Every structure is written in structure tokens, then in C-alpha cells.
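**Student:** need the 3D shape of this:
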Amino acid sequence: MPDAPGVFSDTGDPITFAHGGDTVPTPVTERGGGRRPAVAGVSEVLMPTGPAAAFTVAATVPEDGSKIAVTTLAGRKSGFTGRVWVWVPPQYKDPAYARSGFPVMIALPGGAGYPVNYWMGTDLKLEASIAAWSQEGRSLPFILAMPVLNPHPDTGGLYWDASDIPGQPKMGTWLTEDVPDLVKANFRTLRSRDGWAIMGSSTGGFAALKSVLQKPRQFKAALVSGPDLAPDSRLWTGHEQEERANDPAFLAPELIRAKGPDVYLAFQVGTVGSDARTGPKVEDFVRTYTRGPIRTRLSVIQGGGHNARTYVPNMVDAGLIQWISAHMRGPVPAP
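**Tutor:** I've put the predicted structure just below:
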């Protein structure tokens, strides 16, 4: 959770991630990271487009002192206003990468995902892990964007399935359009989908899976932990057609019929508690839809439970973050 304010705390202080050259688009052609080369003369790097958001410090990562920041985003496309937390890897501030674009991982929580996204808490060590893994060469140095998942607190199991349910806040558009636009406005990113992925646990796992299958031209990969596999919000009542359009069991065959683009779906599920019930469903989904453009990898965590403390270390122990990183594009330092 966030640092407790104290005499020496900077929680709540303004923070900027801008560098001197960030306001000027630079014609750098990204060619590297072991990924597909860019089209000649076309820059893969997208410098911050603006307008700049007002970020404040939300927490400090104890392992390296890096900052997790937060801002309130008024979504231009969804009409929804909510908080988004962000973190940048250590390479982002390295002068060698001052003109490099970075890949983005949108990290979605389970449960209500409101009023906070639990991935911004330093106790789960997502940020510290990405920092260490990227420096060890086991992960790309992802920018993390951590938005609220739902528009209200959990009241009797009410949630929005990360979707645009008719008559409701457009949470699908918020997560897949407004949040990426915020990141592009404020950070050096990559133009192509090779630089965009989503991860999530439980309900956030459903959101990650569904969003990548639904918008494969925007996102290339998902890291899905202990996921729900079907939309089941009670708000879908009377909107069966729209519900179907947000169902991975409908979206996956559609993508297979369309013959692409390729997506990379890494699944992990434990064997204890609710994950024991989820596991067979995940295995069946993987067996059924791993063909054509849908590439998958599955890790069953023996003795693992339905919680982030199981999922984070297994991301690297099972090779999931390595596998996703191998199919995305990373930053290239200046020569």
C-alpha cells in the first residue's frame, strides 16, 4: 500500500517524468530488442504527445527508491473520471535511453479494483520485480500503468466486466483507450502494438484476456492470472448481444477466423482454493483456442493460491514474462 505520510515522506508531492527532449518528437527509427525492424524512415518511438498530466507521489519502492505516481484522468473517450497510477523502470531515466520508446504494461487488479489498484502497493513487489528482471535481461523494462478497474466500490458483487455495458460507465473504453492515451501523452512509448500489453489477476485477468482478444491491433500480449473466463456482471441483463461481444469464447474464434494478428496469451493458475476450480477451465480454454494467431503458454502453480503473492514470482519462475518480452519490442539505447 502507499507510504504513510510522515516528516520525511514525499507522498503527495508533485512529480514529473519529463526530460528535456520529451516535448520534441525525434525521428529515431527503433531497430532492436530482438524484434521486427521498423519500416525505413518511420520512427517507432512516440515522444510524449501532451498535454502533461498532474502527477503526485503515491508511494516509494523501497528496493530502489523509485516513485509510483498517481493522477486523476478525465477520460475523453469514455467520459469516466478515475485515478491511474504509473511507474517507470530504471532505464527510463538513463541518459542512454533519453530518446527511446518504452513498452507499456497495463496492470489490472482482481476484486473491486476501486478506489485503488492494488498493484500500486509496494508490498506485492511488482515494480521492484520488473526493475530487477529488466536489469537481469529476463524482462523488458515495462512502464506500468495501473488504473482503477471499476467505477464504484464493490457493493454486493457489482462490477462492470471491463466493458462498455449499455447505460453504464464505459469501462472498456476507459481501460483500452483513455488509459493508453494518458501514457502516450506523458511518456516515451512505442507506436506499434509491439509495445503494448495487459496483465491482470482474477477479474483483472478476464479484463486483460478479453481486451487483447477484442483489440489485437492495439495490444499484442496478455499475462493472465487466475482469470474469470466469461463476462458475468448482472449489469448485462437485457444486453445479451453486447455481452457476447465481450466474451473470450466468442472473441477467440473470431480472431482465428480472421487469421490474425497474432496475440500472445500467458496464463498462470494455482491449485489451491478458487484456483483449483478455475484451473480446469483455463486448461480447456488453452486446448480449445491455441491455434492460428492465438499463441499461448500455461503455468500451473502447484500449491499456489488465488493471490498476487503467488502470481508475481511465478511470472519469472515459469518463464511467462520472458516469453511475452521475447515477442514484444524493447527500448534501444542511443548509439
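
**Student:** which residue is the nearest non-sequential neighbour of R309?
**Tutor:** Excluding the flanking residues, the one nearest R309 by CB to CB, 6 or more residues apart in numbering is L124, at 6.9 Å. Placement of C-beta: from N, CA and C, glycine included.

**Student:** next: A258.
**Tutor:** Per CB to CB, 6+ apart, closest to A258 is P293, 7.7 Å.

**Student:** quick one, what contacts that neighbour?
**Tutor:** P293 makes contact with P216, L255, I256, A258, K259, G260, P261, D262, V263 under the criterion CB atoms under 8 Å, 6 or more residues apart in numbering.

**Student:** of the residues you listed, which is the most crowded?
**Tutor:** The residue in the contacts of P293 with the most neighbours, by other CB atoms under 10 Å, is V263 (23 neighbours).

**Student:** that residue touches L251, doesn't it?
**Tutor:** No: shown here, V263 and L251 do not form a contact pair, counting by CB atoms under 8 Å, at 10.2 Å.

**Student:** if we can go back for a sec, my guess is the residue nearest to R309 meets Y118, correct?
**Tutor:** Yes: at 6.7 Å, L124 counts as touching Y118 under the criterion of CB under 8 Å.

**Student:** what do those two both touch?
**Tutor:** Shared contacts of L124 and Y118, counting by CB under 8 Å, 6+ apart, come down to A308.

**Student:** one step back: which of the contacts of P293 lies closest to G172?
**Tutor:** G172 has its nearest neighbour among the contacts of P293 in P216, at 14.6 Å by CB to CB.

**Student:** wasn't that closest one part of a helix?
**Tutor:** No: counting by DSSP: H, G, I helix; E, B strand; the rest coil, P216 falls outside a helix, being coil.

**Student:** in this structure it contacts P261, no?
**Tutor:** Yes: taking contacts as CB under 8 Å, P216 lies within contact range of P261: 5.1 Å.

**Student:** please identify every residue contacting each of the two.
**Tutor:** Applying CB under 8 Å, 6+ apart, one finds that P216 and P261 are jointly contacted by R193, P293.

**Student:** ranges for the strands of the stretch 1-150 of the chain?
**Tutor:** Chain-ordered strands for the stretch 1-150 of the chain, with DSSP state E, counting those that start in this stretch as the definition, fall at 14-15, 45-46, 55-60, 67-74, 81-87, 104-108, 143-147.

**Student:** for G304, which of those strands is the nearest?
**Tutor:** Among the strands of the stretch 1-150 of the chain, if distance is taken as CB to CB, the winner is strand 104-108, at 18.8 Å.

**Student:** thinking again about what came up before, and the pLDDT for the residue nearest to A258?
**Tutor:** Listed pLDDT for P293 reads 98.

**Student:** same question for the one 3 residues further on.
**Tutor:** In this prediction, T296 carries a pLDDT score of 98.

**Student:** can you show me the strands along the stretch 151-300 of the chain?
**Tutor:** For the stretch 151-300 of the chain, the strands defined by DSSP E, counting those that start in this stretch cover 189-190, 196-201, 221-225, 263-270, 294-301.

**Student:** one step back: so which of the strands of the stretch 1-150 of the chain is the most surrounded?
**Tutor:** Of all the strands of the stretch 1-150 of the chain, strand 104-108 has the most neighbours on average by mean count of other CB atoms under 10 Å, namely a mean of 27.

**Student:** give me the distance from it to the chain's centre.
**Tutor:** Relative to the centre of its chain, strand 104-108 is centred 2 Å away, using CA atoms, centre = their mean, to the nearest Å.

**Student:** which other helices and strands does that strand contact?
**Tutor:** strand 143-147, helix 179-186, strand 196-201, helix 203-214 (3 or more CB pairs under 8 Å, 6 or more residues apart in numbering; DSSP states H and E).

**Student:** angle of it against strand 196-201?
**Tutor:** Here strand 104-108 runs at an angle of 20 degrees relative to strand 196-201 (axes from the mean of the first three to the mean of the last three CA atoms, to 10 degrees).

**Student:** quick check: neighbours of strand 104-108 in the sheet, parallel or antiparallel?
**Tutor:** Sheet pairing here is set by DSSP bridges, and for strand 104-108 it gives strand 143-147 (parallel), strand 196-201 (parallel).

**Student:** what do V263 and L251 both touch?
**Tutor:** What both V263 and L251 touch, as defined by CB under 8 Å, 6+ apart, is the set L213.

**Student:** low-confidence ranges in this structure?
**Tutor:** Within the chain, the stretches with pLDDT under 70 are 1-8, 19-42.

**Student:** recalculate using a threshold of 50.
**Tutor:** 3-7, 23-42 (pLDDT under 50).
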